[in-house]
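A.B. asks: Sequence and predicted structure below; questions after.
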Amino acid sequence: MSAYAVGHLKNGSRHEEVLSYMDRIQGTMDPFGGRFLVHGTTVEVREGSWPGHLVVIEFPDLEQAHAWYESPAYQELIPLRTRHIEADIVLVPGVPAGYDAAHTAAAARRAVAAGE
């Protein structure tokens with residue numbers, strides 16, 4: 001099941017270190033099957049506010065996402081970004097094919113009814 005690295009970059013920077021990070025990040029993702037799904041685009045806010053930019057990287061599974069994030073190659077790059085851009089970064093599993101939110105709602109109702 002696919003997994004995702006999602007970044008909410010709260011401010012942008014064209015600092016040379018950030019540009020170097022951008023030049024080099026794909027090379028850190030390739031060994032783990034990572035690919036950008038969202039990068040360098042403007043979000044269209046429909047509800048609430050969204051200061052900044054969104055980055056979404058897909059990996060084959062959560063194990064590969066963790067392996068990429070913890071890899072020496074990516075760990076070396078992180079300071080190039082963090083010195084200049086405030087961000088929230090999360091790794092999340094995707095949902096299986098055929099996922100239906102109604103099933104999750106039903107399970108939540110059962111848990112509430114059971115006092116959980």
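C.D. replies: Great, that's in hand.

A.B. asks: Could you tell me how many residues sit around the spatially closest residue to Arg83 that is not a sequence neighbour?
C.D. replies: Closest residue in space to Arg83, ignoring its immediate chain neighbours: Glu17 at 6.2 Å, by C-beta to C-beta, 6 or more residues apart in numbering. Glycine gets a C-beta too; all of them are placed from N, C-alpha and C. Under the neighbour criterion other C-beta atoms under 10 Å, Glu17 is assigned a count of 16.

A.B. asks: And Pro93, by the same measure?
C.D. replies: When counting by other C-beta under 10 Å, one arrives at 13 neighbours for Pro93.

A.B. asks: got the contact list for it?
C.D. replies: Under the criterion of C-beta atoms under 8 Å, 6 or more residues apart in numbering, the contact partners of Pro93 comprise 1-4, 61-62.

A.B. asks: what helix or strand is the residue nearest to Ala5 when sequence neighbours are not counted on?
C.D. replies: Taking C-beta to C-beta, 6+ apart as the measure, Ala5 lies nearest to Ile57, with 4.3 Å between them; neighbours along the chain are not counted. Following DSSP states H and E, the helix or strand that holds Ile57 is strand 53-59.
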